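K.L.:
Need a 3D model of the sequence below.
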Amino acid sequence: MNFFLTITFLFFLVPVFARADMVITADGSRLTGKLLGIEKGIIKLETSYAGNLNIDQREVTSFTTEEEVLFRVSGGETFAGKPEAVGEKGIRIQSGGAFHEVNIKDVERALPLSGKDPGGALEEFREAGLRRKWHFSGGVDLLGKKGNSEDFSIGGNLEAKLKGEHDVLALSAEYENREKDGSKTADRAAGGVSYEVFRRDAIGWYIRSKIERDTITSVNLRATSAGGLSYRWINDKDHTLVARLGPGYRYTSYESNKADESSMTLDLGLAHYYRVNDFLSIKSDITYVPGLSSSGNDRLVQDSALVFPIAGNRQWKIRMGIRNEFESEPAVSENLDTTYYTRIIYSWD
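P.N.:
Numbers count the residues shown, from 1 in each chain. Next comes the predicted model:
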């Protein structure tokens, strides 16, 4: 009889321990209890042996829980899932059909989806995750040289993005002016707007419009508009690859004797982002716009860059890149224009 009672007691007791959440710290400690949430750099754990613990998030390498948890990570992205340890300081969360690998330090807030919701915190969290939020960045590159030759260049860009749970509205402006020995080698200005929506995990749609002027290539005004389907080949926090395809329209007026151009086009794009580690990211954007009229003027623009944070600061970064612009029927002699640049970027919300 005693043996039967012991087995019954263990049968009910073991699942209780199995369901315990665990927080693992940098010194190897394993703290068990019930995860209450993460907020303002503190992981809150309810324990039976030491009451409620407030654990510095910077000292935590990973944590696990059997409950569904609602996460908000850097950049405002929000998703729900069960976390599991991966790597030295990361967790992997399955949300629907997608997996998100997240560094512990990038978790801005987390709340279990089950249990009590004091003060409506969980509902407020959900609503905050659905709200759109503005993100801004500005960059400038400046170069001067005097001696055997005199060089001067200045360039910059501004970008504003309104991000929601499923969509992004982006506004951009850029300027470039370069001189060598008193002669202009670059004089370009551009502005654009785009909107992209992903209602499903991989498939979405987009529209975009851009106007630009480039006196060196004799372009007085070029206006391009397009829209179509987007497809996310890769959709992780540290690695994304998006392909775009749709019809478009382009109008170009020239300062030279070349006749103005107006034609339907195709719009093909590829956007790639990969964060190698905390100190290096790779970004690349390729846009190919072939003309469908008799002129057949095709344009290809490729911009690839390495991005480094300055002294570990996420707001200040250095971007080193190369930009190639190709036209099959330009108004000037050269088909390909290549620019190398180094830009200091500041980002804020």
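K.L.:
And the strands in the stretch 151-300 of the chain?
P.N.:
151-163, 167-180, 183-197, 203-214, 219-235, 239-254, 261-277, 280-289, 299-310 (DSSP state E, counting those that start in this stretch).
K.L.:
Looking at those, which is nearest to Ser48?
P.N.:
strand 261-277 (38.5 Å; C-beta to C-beta). For glycine as for every other residue, the C-beta is placed from the backbone atoms N, C-alpha and C.
K.L.:
so what does that closest one touch, helix or strand wise?
P.N.:
Using 3 or more C-beta pairs under 8 Å, 6 or more residues apart in numbering; DSSP states H and E, the elements in contact with strand 261-277 are strand 219-235, strand 239-254, strand 280-289.
K.L.:
May I ask you to confirm that Ala305 is in contact with Tyr274?
P.N.:
No. Contact between Ala305 and Tyr274 fails when scored by C-beta atoms under 8 Å: they sit 11.7 Å apart.
K.L.:
where does the stretch 151-300 of the chain dip in pLDDT?
P.N.:
When residues are selected by pLDDT under 70, those of the stretch 151-300 of the chain lie in 200, 294-295.
K.L.:
okay, now the domains of this protein?
P.N.:
If you go by automatic domain parsing, the domain ranges for the chain are 2-130, 133-348.
K.L.:
Adding mean neighbour count, write those out as TSV.
P.N.:
Below are the domains of the chain laid out as TSV (neighbours: other C-beta atoms under 10 Å):
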stretch	mean neighbour count
domain 2-130	15
domain 133-348	15
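K.L.:
How about the nearest residue to Glu176 once chain neighbours are set aside: which residues does it bridge to?
P.N.:
Ranked by C-beta to C-beta, 6 or more residues apart in numbering and with sequence neighbours excluded, the top spatial neighbour of Glu176 is Gly155, at 4.2 Å. Legend: beta-bridge partners of Gly155 under DSSP bridges are Asp141, Glu176.
K.L.:
what do you get for Lys180?
P.N.:
Residues in a beta bridge with Lys180, per DSSP bridges, are Asp151, Ser183.
K.L.:
returning to what we had before: how about the helices and strands packed on strand 261-277 in CSV, adding distance to Ile310?
P.N.:
Putting the helices and strands packed on strand 261-277 into CSV (distance: least, C-beta to C-beta, whole Å) gives the following:
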stretch, distance to Ile310
strand 219-235, 27
strand 239-254, 23
strand 280-289, 13
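K.L.:
What distance do you get for Ser304 to Phe198?
P.N.:
Ser304 sits 24 Å away from Phe198, going by C-beta to C-beta, to the nearest Å.
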